[in-house]
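Student: sequence plus the predicted model coming up.
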Amino acid sequence: MSHKISSIAFVFLAAAFVSCGKSHASYENKGEPVPNTTVVADSSSSQKEVSAPEKESETAKPVALNPEHQLLREVLDSMSDRFKGDIQIEDAQMDEFLFDLNQVLEAEKSFPKDDLSLYYLIDKKHKVGKDYEPKGLKPVRKNNYWNVSRNDLSLRPDVYEALKKMALGAKDDGITLMVSSTYRSYEYQTNLFNRYVRQDGEAMADRYSARPGTSQHQLGTAIDFGTIDDAFAETKMGIWLNEHSEEYGWSLSFPKGYEDVTGFMWECWHFRYIGTDACLFQNKWFCDVQQYMMEFIDAWKTKKGIDKSRDQKIAFETAPAPVEEPVVEEEPTLAKTEEVAAPQSTEIAYEKSEEEKLPAPVSPSSTGEYVEEDDDLGEVVE
């Protein structure tokens with residue numbers, strides 16, 4: 001799907017985009033009556049103003065309080081001071097906001113059921129366990145549509161498919177994506193963070209590197225593209241991703257000027273796949289800041305009593321310890337006097353267990369390259 005088609009949805013946002021830190025209701029130049037007055041028609045079809053006290057003399061009708069509106073206001077009020085300064089949802093906008101929110105939560109139902117939600121909140125306060133590993137990691141190998149910086153990259157299968165779509169769109173515009181970093185295990189992240197601590201000190205390392213268990217890379221849904229430095233923002237690839245990544249469901253995780261919100265310095269190369277519905281929602285209501293939206297969705301689920309136990313179980317499930325087969329001593333056999341026919345084959349025939357019938361997992365060969373061939377993206381370009 002070309003970004004030229006999907007970008008239509010983002011053009012629509014220009015009419016509805018919520019400006020950060022500004023009020024969205026104004027009486028100026030809208031033809032609305034000024035506060036405390038109302039307009040009524042007299043018998044001659046002309047109009048006259050009726051003062052507020054005169055209006056209040058009429059029988060007051062109780063206004064029913066919308067419980068969803070009240071719940072939304074409570075969640076918004078519970079957010080950080082900067083969130084409340086940047087994100088302002090007026091009462092008149094609540095129905096529209098809740099409609100968009102329900103669209104995002106409805107899309108979540110289509111996510112893989114055996115792994116974490118694409119909306120899983122992971123940051124310095126919200127973690128995954130040391131044994132968490134995405135299900136069915138798929139190798140990301142160099143092909144005709146993207147390049148790779150190393151041979152041990154992998155992504156969740158659904159995220160891999162999303163990368164394919166974005167890479168095709170980029171290719172249509174003459175851009176070949178460079179995938180530099182993808183899934184990282186807890187152990188890998190531990191070694192990486194410790195190396196940065198030795199290099200720059202703990203305080204500085206905390207600003208640009210995630211501690212083990214808090215990295216989006218462990219989810220298998222994030223990619224570092226290109227050169228992994230600030231100069232990447234000015235490259236053709238960096239500019240294309242900044243302009244078009246959300247059309248394919250990829251969101252910049254750590255935008256400039258929000259270190260106090262995300263916990264990390266600006267990373268123009270780090271994108272997380274969250275789906276197109278969430279990207280639209282983020283862009284329209286949350287100043288295009290992924291962390292704001294993820295924090296809100298998590299808080300909304302908690303306030304609404306939406307069950308999050310499945311994700312928590314997956315995130316902190318302990319890997320089963322390897323089972324050692326008990327050693328069984330063979331009983332001595334008596335010598336047989338009768339002749340036994342020699343087997344027709346040197347292989348022993350037996351019925352395979354269900355586990356043995358499954359395909360062998362993909363693993364790096366001794367050269368460090370994955371043995372499995374890539375799929376329909378063409379042969380590997382050497």
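Tutor: Nice, thanks for sending it over.

Student: and the residue nearest to Val261 when sequence neighbours are not counted, what element?
Tutor: Distances taken as C-beta to C-beta, 6 or more residues apart in numbering put Gln291 closest to Val261, at 5.2 Å, once the chain neighbours are dropped. Using the backbone N, CA and C atoms, a C-beta is placed for each residue, glycine as well. Applying DSSP states H and E as the criterion places Gln291 in helix 290-304.

Student: quick check: buried residues in that helix?
Tutor: 290-301 (16 or more other C-beta atoms under 10 Å).

Student: now swap in stretch 251-264 and tell me
Tutor: Buried, per 16+ other C-beta under 10 Å, within stretch 251-264: 251-255, 258, 261-264.

Student: likewise for stretch 153-167?
Tutor: Here stretch 153-167 shows 153-160, 162-167 as buried, counting by 16+ other C-beta under 10 Å.

Student: who does the helix or strand harbouring Asp158 touch, helix- and strand-wise?
Tutor: Using DSSP H and E, Asp158 falls within helix 157-172. Under the contact definition 3 or more C-beta pairs under 8 Å, 6 or more residues apart in numbering; DSSP states H and E, helix 157-172 sits against strand 177-181, helix 236-244, strand 267-273.

Student: export the ones you listed to TSV and tack on mean pLDDT and distance to Ser117?
Tutor: Listed next are the helices and strands packed on helix 157-172 as TSV, based on pLDDT from 0 to 100; distance: least, C-beta to C-beta, whole Å:
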stretch	mean pLDDT	distance to Ser117
strand 177-181	98	22
helix 236-244	98	24
strand 267-273	98	12
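
Student: which one of these is the most hemmed in?
Tutor: strand 267-273 (a mean of 24; mean count of other C-beta atoms under 10 Å).

Student: let's see it as PDB, backbone CA atoms only.
Tutor: The C-alpha atoms that make up strand 267-273 are tabulated as PDB, following Å, rounded to 0.1, in the frame of the first residue of the first chain:
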ATOM      1  CA  GLU A 267      16.000   9.400  19.300                       C
ATOM      2  CA  CYS A 268      15.100  10.300  15.700                       C
ATOM      3  CA  TRP A 269      15.900   6.700  14.600                       C
ATOM      4  CA  HIS A 270      13.800   4.700  17.100                       C
ATOM      5  CA  PHE A 271      10.300   3.700  16.000                       C
ATOM      6  CA  ARG A 272       7.800   1.400  17.600                       C
ATOM      7  CA  TYR A 273       5.000  -0.400  15.700                       C
END
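
Student: list the contacts for the closest residue to Lys303 other than its chain neighbours?
Tutor: Leaving aside its chain neighbours, Lys303 sits nearest to Val75 (5.1 Å; criterion: C-beta to C-beta, 6+ apart). Val75 sits next to 296, 299-300, 303 when contact means C-beta atoms under 8 Å, 6 or more residues apart in numbering.

Student: so which of those residues is the closest to Pro139?
Tutor: Phe296 (34.5 Å; C-beta to C-beta).

Student: my guess is that closest one contacts Met79. True?
Tutor: Yes. In this structure, Phe296 is within contact of Met79 by C-beta atoms under 8 Å, at 6.9 Å.

Student: which residues do the two both contact?
Tutor: Ile87.

Student: re the thing from before, closest to Asn102 out of the helices and strands packed on helix 157-172?
Tutor: strand 267-273 (21.3 Å).

Student: circling back: pLDDT value on the residue nearest to Val261, please?
Tutor: pLDDT for Gln291: 98.

Student: can you tell me the element the nearest residue to Lys304 once chain neighbours are set aside falls in?
Tutor: In this structure, Lys304 finds its nearest non-sequential neighbour in Leu71, 6.9 Å apart by C-beta to C-beta, 6+ apart. Assigned by DSSP H and E, Leu71 belongs to helix 67-77.

Student: pLDDT of that helix, averaged?
Tutor: Here the average pLDDT along helix 67-77 is 97.

Student: picking that back up, pLDDT for the contacts of Val75 - can I get that in a markdown table?
Tutor: Below are those laid out as a markdown table (pLDDT from 0 to 100):
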| residue | pLDDT |
| --- | --- |
| Phe296 | 98 |
| Ala299 | 98 |
| Trp300 | 98 |
| Lys303 | 96 |
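
Student: ok, back up a step: so which of the buried residues of stretch 251-264 sit within helices?
Tutor: 261-262 (DSSP state H).

Student: and the buried residues of stretch 251-264, which is closest to Pro134?
Tutor: The closest of those, once distances to Pro134 are taken by C-beta to C-beta, is Ser253, at 17.0 Å.

Student: who are the contact partners of the closest one?
Tutor: By C-beta under 8 Å, 6+ apart, the neighbours of Ser253 are 216, 222, 262, 264, 267, 270-272, 290-291.

Student: tell me how far Gly305 lies from Leu71.
Tutor: To Leu71, Gly305 is 10 Å away according to C-beta to C-beta, to the nearest Å.

Student: got it, and Asp123?
Tutor: In terms of C-beta to C-beta, Asp123 sits 24 Å off from Leu71.

Student: look at those two and report which has more neighbours.
Tutor: Just comparing Asp123 and Leu71: by other C-beta atoms under 10 Å the higher neighbour count belongs to Asp123, 19 against 14.

Student: distance of the residue nearest to that one when sequence neighbours are not counted from Gln291?
Tutor: Using C-beta to C-beta, 6+ apart and skipping the chain neighbours, the partner closest in space to Asp123 is Gly263 (5.9 Å). In this structure, Gly263 and Gln291 are 8 Å apart, going by C-beta to C-beta.

Student: about what we covered before: give me the residues contacting the helix holding Asp158.
Tutor: By C-beta under 8 Å, 6+ apart, helix 157-172 touches 1-3, 111-112, 118, 135-138, 140, 145-146, 155, 176-177, 179, 220-221, 223, 237, 240-241, 244-245, 247-250, 273, 377.
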